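Participant: Sequence and predicted structure below; questions after.
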Amino acid sequence: MGERYFKKSFRSFNTRQHQTIDLIAVLSREPHSIKKLCVLFEIPRSSFHYRLKHRGVTKPERALLRQKVVDIHSRSRGSAGARTISGQLNQAGESVGRYKAASLMKEVGIVSKQPNKHKYKISEDVSKIAPNRLNRQFDVEAVNQVWCGDVTYGVPGVQH
């Protein structure tokens, strides 16, 4: 039997380059050559070798940013998301966009926990303040017999 080649469709994995390089590193332990795997996955060999060489290396600037992200997140009691964190980092003089803040959060393993939306309880009891005399019958026979009002709960950030 001749050499066996994988089908080109294996490149259709929806992965990023570093994940593909990690896959090539795992497959290269088998009797497949790195050159053939890089051609198959359309990854330059120089990128493959660069990634292997710098795999565990962390930059001190990035580590400092990660620590700042953790501090901001903990000060907000876990509610700060990527937008809030990037805004606070920018105010502190760091040039960090929301996508970079999101990747820093992912590296550290923190997720924004927003409080649940408030749900208004529909009461089953009869009102203790005023009884429901209309019972949703709004047609009245004369003027000034029935007065009606509406209580609207204000939602922050929403204009009525």
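Facilitator: Great, that's in hand. Nothing here was measured: the structure is a model prediction, and the numbers come from that model. Numbers count the residues shown, from 1 in each chain.

Participant: use CA for all of it now, contacts and neighbours both
Facilitator: Noted.

Participant: And this structure, split by domain according to the record?
Facilitator: Following automatic domain parsing, the chain resolves into domains at 8-53, 60-108.

Participant: so how far is the longest helix anywhere in the chain off the chain centroid?
Facilitator: Using DSSP state H, we find that the single longest helix of the chain is helix 60-75. Taking Cα atoms, centre = their mean, to the nearest Å, the mean C-alpha location of helix 60-75 is offset from the chain mean by 17 Å.

Participant: thinking again about what came up before, closest one to residue 145 among the domains of the chain?
Facilitator: Minimum separation from residue 145 across the domains of the chain (Cα to Cα) falls at domain 60-108, 50.1 Å.

Participant: So which of the domains of the chain is the most surrounded?
Facilitator: Burial of the domains of the chain is given as mean neighbour count (mean count of other Cα atoms under 10 Å); domain 60-108 ranks first at a mean of 16.

Participant: and the end-to-end length of it?
Facilitator: 15 Å (Cα to Cα, to the nearest Å).

Participant: which sections of this protein are below the confidence cut-off?
Facilitator: Applying pLDDT under 70 to the chain flags the ranges 1-15, 18, 31, 118, 123, 151-160.

Participant: Could I get the full set of strands for it?
Facilitator: Along the chain, no stretch is classed among the strands by DSSP state E.

Participant: ranges for the helices of it?
Facilitator: With DSSP H as the criterion, the chain has helices spanning 17-27, 34-40, 45-53, 60-75, 82-91, 98-108.

Participant: Using CSV, lay out those helices together with distance to residue 138.
Facilitator: Supplementary listing: these in CSV, determined by distance: least, Cα to Cα, whole Å:
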stretch, distance to residue 138
helix 17-27, 65
helix 34-40, 74
helix 45-53, 73
helix 60-75, 52
helix 82-91, 48
helix 98-108, 52
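
Participant: Tell me which of the ones you listed sits nearest to residue 122.
Facilitator: Proximity of these to residue 122 was assessed by Cα to Cα; the nearest stretch is helix 82-91, lying at 34.0 Å.

Participant: then the closest one to PDB, C-alphas only?
Facilitator: Provided in PDB are the C-alpha atoms of helix 82-91 (Å, rounded to 0.1, in the frame of the first residue of the first chain):
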ATOM      1  CA  ALA A  82     -15.500  42.800  29.500                       C
ATOM      2  CA  ARG A  83     -16.900  46.300  28.600                       C
ATOM      3  CA  THR A  84     -16.700  47.500  32.200                       C
ATOM      4  CA  ILE A  85     -13.200  46.100  32.700                       C
ATOM      5  CA  SER A  86     -11.900  47.600  29.500                       C
ATOM      6  CA  GLY A  87     -13.400  51.000  30.400                       C
ATOM      7  CA  GLN A  88     -11.800  50.900  33.800                       C
ATOM      8  CA  LEU A  89      -8.400  49.800  32.400                       C
ATOM      9  CA  ASN A  90      -8.600  52.600  29.900                       C
ATOM     10  CA  GLN A  91      -9.200  55.100  32.700                       C
END
